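> Predicted coordinates and the sequence they were generated for:
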Amino acid sequence: MDERRATRISKYLALHLRHRPERIGLTLDAEGWADVTELLAAAARHAFPFTRAELEHVVAANDKKRYELAGNRVRAVQGHSVPVELNLPPTPPPEFLYHGTVRRSVESILREGLRPMGRHDVHLSPDRETARRVGARRGEPIILTVDAGRMAADGHEFRVSANGVWLAGSVPPEYLRE
Ligand code: HQG
């Protein structure tokens, strides 16, 4: 499949499996799963037809492994704004995690901490290079270091998604530095 088509399908999945399933009349279950047959039919009805083989290719080849297929169901592994319960167990984080952002957000982040904004959780990266790429989506990236070990020792919970994104409800400013 050509890469542009794969990216278009991936973005279509992100929109409907994370944020706006109702836009195409799709229903997600409590854990975020959509029925593949229903998804393909809904997409076709809304002028974006793609095949099961294309879906399988996009799920398997996706650069960030954003989606998972299980039998006839598919879901996004993280990044939702609709309420879903991913049932990820609390997991001890590495000593440091990283957050990529841009200069214009830094002052507010260091003052009030990291907030989940539109999503369920704050997304943290296991290494600086990943954080740099996350920040670069918005401009010249700035990497903040999160004192995750100390935060966990103080009782804050961390989870890790199937594709290696670390998730926290928020990060208070005392655990953040540039
Ligand atoms: C900022 C992509 C001001 C935060 C990526 C970020 C990631 C604050 C923005 C995933 C703030 C939220 C998530 C505060 C946070 N004051 N700004 N107190 N707290 N912010 O997109 O982390 O391609 O919801 O720095 O790779 O950028 O979608 O979060 O700039 O893993 O799979 O508010 O999205 O993955 O933006 O990105 P987002 P994010 P996918």
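Nice, thanks for sending it over. Numbers count the residues shown, from 1 in each chain.
> Compute the number of surrounding residues for Gly118.
9 (other Cβ atoms under 10 Å). C-beta coordinates here come from the backbone N, C-alpha and C atoms, glycine included.
> any idea how far Asp63 is from Asp35?
According to Cβ to Cβ, to the nearest Å, Asp63 stands 25 Å off from Asp35.
> can you pull out the strands in this structure?
Across the chain, reading from the start of the chain, the strands by DSSP state E fall at 34-35, 67-70, 73-76, 97-102, 122-124, 141-146, 159-160, 166-168, 176-177.
> what's the spacing between the fourth one and its chain's center?
It refers to strand 97-102. The gap between where strand 97-102 is centred and where its chain is centred comes out at 14 Å by Cα atoms, centre = their mean, to the nearest Å.
> One more: the last one?
Taking Cα atoms, centre = their mean, the mean C-alpha location of strand 176-177 is offset from the chain mean by 22 Å.
> got it, and the first one?
The chain centre lies 18 Å from the centre of strand 34-35; the measure is Cα atoms, centre = their mean.
> Quickly run through the sheet partners of that strand, with directions.
The strands that strand 34-35 pairs with in its sheet are strand 73-76 (antiparallel) (by DSSP bridges).
> again with the fifth one
Taking DSSP bridges as the criterion, strand 122-124 pairs within the sheet with strand 166-168 (antiparallel).
> Can you lay out the strands of the chain as TSV showing mean neighbour count, mean pLDDT and distance to Ala131?
Below are the strands of the chain laid out as TSV (neighbours: other Cβ atoms under 10 Å; pLDDT from 0 to 100; distance: least, Cβ to Cβ, whole Å):
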stretch	mean neighbour count	mean pLDDT	distance to Ala131
strand 34-35	20	98	30
strand 67-70	16	96	22
strand 73-76	22	98	21
strand 97-102	21	98	4
strand 122-124	22	97	8
strand 141-146	20	98	5
strand 159-160	19	96	15
strand 166-168	23	97	11
strand 176-177	14	98	12
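> Using TSV, lay out the ones you listed together with distance to Leu86.
Formatted as TSV, the entries for those read as follows, by distance: least, Cβ to Cβ, whole Å:
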stretch	distance to Leu86
strand 34-35	14
strand 67-70	11
strand 73-76	9
strand 97-102	18
strand 122-124	13
strand 141-146	21
strand 159-160	8
strand 166-168	9
strand 176-177	25
